Structure formats: structure tokens, C-alpha cells
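Build me a model:
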Amino acid sequence: IPEEVLKATGKEAFKGAYAYDNYEYKKAAPKAHAMMDPKRSKIVESIHEALVKCEIKDGMTVSFHHHFREGDYVVNMVMEEIHKMGIKDITICASSLGKAHDPIVPMIEDGTVTGIRSSGVRGKIGEAISAGKLKNLAVMCSHGGRVRAVESGEVHIDIAFIGAPTCDEYGNMRANGGKSDCGVLSYAMADAQYADRVVAITDCLVPFPNIPASISMTQVDFVCVVDEIGNPAKIATGAAKPTTDMRKLRMADYCTQFVIRTPYFKNGFSYQTGVGGASIASTISLADEMEKRGIRMSFGVGGLTKPMADLLERDLVDVLVDTQDFDLGAVESIKKHPDRHIEISASEYANPFNKGAYVNKLDFVILAALEVDVNFNCNVVVGSDGIITGAQGGHPDTAAGAKCTIVIAPLLQGRIPAICTNVTTVTTPGETVDVVITDYGIAINPRRQDLIECMKDSGLPICSIEELRDQAYAITGEPDPVQFGDKVVGIIEARDGSIMDVVREVKEYSFD
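Residues are numbered from 1 along each chain as shown. Alright, predicted model coming up:
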């Protein structure tokens, strides 16, 4: 990490996953605008009017949530209006940005957008950052790290724009109902609480009071009704779909067989899984083992999928606590089981600086990765070609919190070794990763001698991480390192706010 980056950001280099335990700080407070006159309406006729009333100006930070994933319309609608108004030097603070937001790239090029803070960036925006087109450093943070930064005042949001499936005229927002169901509004809750101005954008205005509200009217300045805020059919895209790939199914089976041989697999265990195909498949096979052995889960947490929701249908879990729904099955589940499928805030989920997050109570987390190195460091943001193409999400948060962190990755991603000597960019530190499962074998972090002992007579293909790396290199050869330039275009922020790694400009790449 170059010294000039540390000076420019005022941050420290990462010191360890638990270096800030018991850290004392004062929470931030936003400006607030009193609503005393009962005759005054919060309804605005357009996004333009909302921006004018919020006194948008150059240099502001605006925020968005990504519960619609690739079906989101809100970011582009708002940013197009900001662009038309000639506003410059905007920082976008989003819980995540995807291919749906490719239209933002020209705004990066003309100086409308000069800063991005997000858990990750996919599509053309990632390419633009990697090409050095963003004026300021992009900041990639975890979901817990994002809400930590907002609550601590490190990041100040001037205007939060929240896409709400239903909303009443006074700003009570719910994540369910209407034509654009997204299940929960967890990532927007901190934005609503800490932003100076909050604008609810909805395509379904409902009678007052719209309760129980995900976000209360007490935090909302304006309500704007538009034709559509998103396409729920595009929530389940890419990695969030179940797999039929035999390699992934094999890894899922290895994962289940590993889990049931640990001391944590017992009545009342807790669990989170990612949205990779193998991770989803492992949930399905684990449910069968639970049923067979008469073992119940106390709680499942995180971004949820239908296989997790099915645990409720099979009465194998006491409660699901939800921060994001990755498919429509999960969206339907939270409506069907309001007493056992519960919406929580991103702060409750993973903020390392609050007084206790759900991730700290996890027994197991099952994650995916683009790359894992021989020190068990994981990369989930930067592709092997050096281009920003993924998201930290809750990866570092859950890895730090869980008693047993399992990362599933194929030995090869196409013709590129996923198990390597050094990852392109460190996003999750190896000290928090316990097990790596590939289609060629399973490596246990030497720090976890207890797990190594558990697996001695398991019959599973246990080997060292170096052996997995060597197998990968034997098949493909050792790949040439990515050619980066000297310019740092982004930082990988650790969940505590220190700098885990930097992202450099790609030297040679064909951007279509």
C-alpha cells in the first residue's frame, strides 16, 4: 500500500481482523428538517423537484441500495436527472453497483461522478475504474464496513434515494407489496437514519399508514411516485441461480460432508451461505442431512435464497433473519412467514463497530471466491485480468464472525487457476478463512488443527493448499502476473476502515 495512498485517505494499513475490538467512537448525526405543519405535503411531482428541494449541488454524496440487483432502475433515473441539471463532482455511495448501471460511465467520463463507494462494481463501471477514468479513488467496502462508515461519520450522505416497493404519502416504506417486491430494505436503513435528506421513490403509493414500515416516515423528507422502480424478475441473476454443473455439485457434497463432521453441526447451529451455485447446492444437501439426523438450525442469516427459505417450509430452522433476497422464492417467503422470516438492518447484520452483529453468532458460513492463495487470502472483487468485477458484500464480515468459514472455489475458473500463490487483490484476510473446498480436494488452514483432527478418518480428499495450487499450475501452467500501471485507482477497505489492499490501473486491456 503506497504511503501516498495512506496519507491521501488518512487511513491505516490493515492490522488484523480484530485489531479494533472494543474501539470507542461517537456516532454521527445528520441534519434534520422539522415537519410541523400538517398541511404541508411530502409528495413531489418528479425526481427533478426532489433534487431542487434537497438543494442538490456540486460535490455532494448521494446514496442508493441494490435490493433490485440487475433489475434496479432508481440509480439511473436519479443520476440522469443530476446529469441534466449540470451538477458535477458527485460521489455515489451505493450498497452495490451492477451491469444495470452501465449508463453511469459517461457521467464518470464527463466529471458528473468523481467518486464511488460501494461493496463492489460489476460491468462497465468496473472497467471504467480499472482504466483510471474515475477522478478520485474508488472505495470497495464490505456491507458491514459500509454501514460502519456511515454510522461513525466517516462517510456523510447528503441525499439518500430509496426505492420502495410500497410507500404512503408520508414516507412509510415497505419492501413488500406493489409490483416491485424486493423482500427487504436492509441496506437502505442506515442511509435513511444518517442522511441529511431522504427521498422515497416508489411506483406504488398506498394509503396511510403503510405499516409495519421497513423505514419510518420520521426519517423521510420527500416522496416521489414514478412508473417503475425496478424489475423483480432480474433480482435472481448470474450467481444467484441454482446449478446443474457436476463440478459444483461435487464441491457442494464435499462441503456438506465436511460440515456434518465438525463439532458445530448439532441442534441449534447457525448458518449462512453465499449465492454461488455450489453454495446454494450445499444448502440443499445439508437440509437432507439435517432431516435425516433430526438436527435443527436455530437461525439462518444473510442474503437469502429459496433453498434457505425452504428450510422454513420443512420446519428445519427456527428463524431466518434477512438482509437481502436473491430470488423471488425468498421474497415470497418473507411475506408468507412474517413471524419467522425477519427483516434486519445491515448494521444488525454485520457492522463491526456496533455492540454486536449477527455475523458474530454464526457457526458456519459458506462463501465463494474468485481466487484463494496459499495463505488462504481471498479475492472476490478483482478478476484475474485485473478488472474490478465483483463485490465484497458480506464476505469479510461473515468470515471474521463465523466459527467455521468455508470457501468453495473450483480449482480452475475457465483456464485460470483459482488457487494460486498470491491473489490479485486481497479482500478477505486468510486469518479468517478456515477451509477451502475445490473439485480436486479440500485444504484446511493450518491455524485450525482442531478441524484437521476432526477430518482424519473422514475419507474426504484432504490436502494442503499448496498441493491444490500445484495441481492447478500443473494443468494450466503458472499464469503470467497481470500488468498493472503505477496509478492506484481504488482501495479495498477492510471492514474496520483500514486499507486491506489497493487496486491499480490495468496497463493493457481491450475495453469494448
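
helix, strand or coil for the residue lying closest to K42 once chain neighbours are set aside?
Leaving aside its chain neighbours, K42 sits nearest to V223 (4.9 Å; criterion: CB to CB, 6 or more residues apart in numbering). For every residue, glycine as well, the C-beta is placed using N, CA and C. State at V223, reduced to three classes by DSSP: H, G, I helix; E, B strand; the rest coil: strand.

Now do the same contact list for V223.
42-44, 167-171, 199-200, 202, 205 (CB atoms under 8 Å, 6 or more residues apart in numbering).

which of those count as buried?
Neighbour-count burial (16 or more other CB atoms under 10 Å) is assigned, among those, to 42, 44, 167-171, 199-200, 202, 205.

Restricted to strands, list the contacts of V223.
Among the contacts of V223, the residues falling in strands (DSSP state E) are 43-44, 167, 199-200, 202.

need these in TSV with distance to I419, can you?
Below are the ones in strands among the contacts of V223 laid out as TSV (distance: CB to CB, whole Å):
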residue	distance to I419
I43	55
V44	53
C167	47
V199	46
A200	46
T202	46
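
ok, now which ones touch I452?
444, 446, 462.

neighbour-wise, which of those leads?
With neighbours taken as other CB atoms under 10 Å, the top of the contacts of I452 is I444, carrying 24 neighbours.

pLDDT of stretch 310-329, averaged?
Averaged over stretch 310-329, pLDDT sits at 95.

secondary structure element for V319?
Assessed by DSSP states H and E, V319 sits inside strand 317-325.

and that strand, what does it pack onto?
In terms of contacts (3 or more CB pairs under 8 Å, 6 or more residues apart in numbering; DSSP states H and E), strand 317-325 is packed against strand 297-304, helix 306-313, helix 328-336, strand 341-343, helix 346-350.

Packing partners of the fourth one?
So that's strand 341-343. strand 317-325, helix 328-336.

hmm, try it at 10 Å
Strand 341-343 is packed against strand 297-304, helix 306-313, strand 317-325, helix 328-336, with contacts defined by 3 or more CB pairs under 10 Å, 6 or more residues apart in numbering; DSSP states H and E.

next one: the longest one
Where contact means 3+ CB pairs under 10 Å, 6+ apart, helix 328-336 is packed against strand 297-304, helix 306-313, strand 317-325, strand 341-343.

Other residues contacting that helix?
Identification of contacts with helix 328-336 by CB atoms under 10 Å, 6 or more residues apart in numbering yields 67, 165, 175-177, 181-184, 232-233, 235-236, 240, 303-313, 320, 322, 324-325, 327, 340-343.

rewinding a little: mind putting the contacts of I452 into a markdown table with secondary structure and pLDDT?
Shown next, in a markdown table, are those (DSSP: H, G, I helix; E, B strand; the rest coil; pLDDT from 0 to 100):
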| residue | secondary structure | pLDDT |
| --- | --- | --- |
| I444 | strand | 98 |
| P446 | coil | 98 |
| I462 | strand | 98 |
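
May I see these organised as TSV, with distance to V62 added?
Listed next are those as TSV, based on distance: CB to CB, whole Å:
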residue	distance to V62
I444	44
P446	46
I462	49
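
Just the buried positions in the helix or strand containing S282, please.
S282 is part of helix 277-293, with elements assigned from DSSP H and E. For helix 277-293, burial by neighbour count (16+ other CB under 10 Å) applies to 277-287, 290.

which one of the residues you listed sits closest to I419?
A278 (14.7 Å; CB to CB).

Which residues are in contact with that closest one?
243, 245, 247-255, 366, 368, 408-410, 437-439.

Look up how far L362 lies from it.
Using CB to CB, to the nearest Å, A278 is found at 19 Å from L362.

Any idea which residue is closest to the centre of this structure?
In the chain, the C-alpha nearest the mean C-alpha coordinate belongs to G393, at 2.1 Å (CA atoms, centre = their mean).

Next, work out how far apart the closest residue to that one other than its chain neighbours and V147 are.
Spatially, and ignoring its direct neighbours in sequence, G393 is nearest to S119 (5.4 Å; CB to CB, 6+ apart). In this structure, S119 and V147 are 11 Å apart, going by CB to CB.

ditto for M107
Relative to V147, M107 is positioned 26 Å away (CB to CB).

who's in contact with A149?
28, 93, 117, 139, 141, 155-156, 190, 194, 351, 353, 493, 495, 497.

top of those residues by neighbour count?
The most neighbours of any of these, using other CB under 10 Å, belong to R495, which has 32 neighbours.

That one contacts N360, correct?
No. The pair R495 and N360 fails to qualify as a contact (CB atoms under 10 Å) at a distance of 12.0 Å.

any shared contact partners between the two?
Counting by CB under 10 Å, 6+ apart, the residues touching both R495 and N360 are 350, 352, 397, 400-401.

The helices and strands packed on helix 328-336: which one's closest to T424?
Among those, strand 297-304 sits nearest to T424 (CB to CB), with 24.2 Å.

Sheet partners, orientation included, of the closest one?
strand 269-273 (parallel), strand 317-325 (parallel) (DSSP bridges).

Next up, the contacts around I43.
Shown in contact with I43 (CB under 10 Å, 6+ apart): 49, 169-171, 205, 222-225.

Just the element for D253, please.
Taking DSSP H and E as the criterion, the element that holds D253 is helix 246-259.

what distance separates that helix from the middle of the whole chain?
Relative to the chain's own centre, helix 246-259 is displaced by 24 Å; criterion: CA atoms, centre = their mean, to the nearest Å.

Kindly report the same for stretch 248-260.
Distance, stretch centre to chain centre, for stretch 248-260: 24 Å (CA atoms, centre = their mean).

Kindly report the same for stretch 394-401.
Mean-position distance between stretch 394-401 and its chain equals 10 Å (CA atoms, centre = their mean).

Stretch 344-361: which residues count as buried?
Under the neighbour-count criterion of 16+ other CB under 10 Å, stretch 344-361 has 344-354, 357-359 buried.

ditto for stretch 178-185
For stretch 178-185, a neighbour-count test (16+ other CB under 10 Å) marks 178, 180-185 as buried.

Report the mean confidence score over it.
Averaging pLDDT along stretch 178-185 gives 93.

Quote the end-to-end distance of it.
Terminal residues of stretch 178-185 lie 14 Å apart, using CA to CA, to the nearest Å.

try stretch 495-502
First-to-last residue span, stretch 495-502, CA to CA: 14 Å.

any idea of the pLDDT on G303?
pLDDT, G303: 89.

Show me the beta-bridge partners of it.
On the basis of DSSP bridges, G303 is bridged to Q324.

Please name the nearest non-neighbouring residue to D496.
D496 sits nearest to Y20 (CB to CB, 6+ apart), 4.3 Å away.

same check, this time on E289
Spatial nearest neighbour of E289, excluding adjacent residues (CB to CB, 6+ apart): I260 at 5.4 Å.

ok, now how distant is the one you found from E109?
In terms of CB to CB, I260 sits 52 Å off from E109.

neighbour-wise, which of these two wins?
Per other CB under 10 Å, whichever of I260 and E109 has more neighbours is I260, with 18 against 12.

Please look at that one and Y254 and confirm they touch.
No. Between I260 and Y254 there is no contact under CB under 10 Å: 11.4 Å.

tell me what the helix or strand that contains G163 is packed against?
G163 belongs to strand 159-164 when assigned by DSSP H and E. Secondary-structure packing of strand 159-164 (3+ CB pairs under 10 Å, 6+ apart): helix 47-53, strand 61-64, helix 74-84, strand 90-94, strand 173-174, helix 189-194, strand 197-202, strand 222-225.

average pLDDT across the third one?
Which is helix 74-84. 98.

Point out where this protein drops to low pLDDT.
Within the chain, the stretches with pLDDT under 70 are 236-243, 508-512.

Please repeat the previous calculation with a cut-off of 80.
235-244, 274-277, 508-512 (pLDDT under 80).
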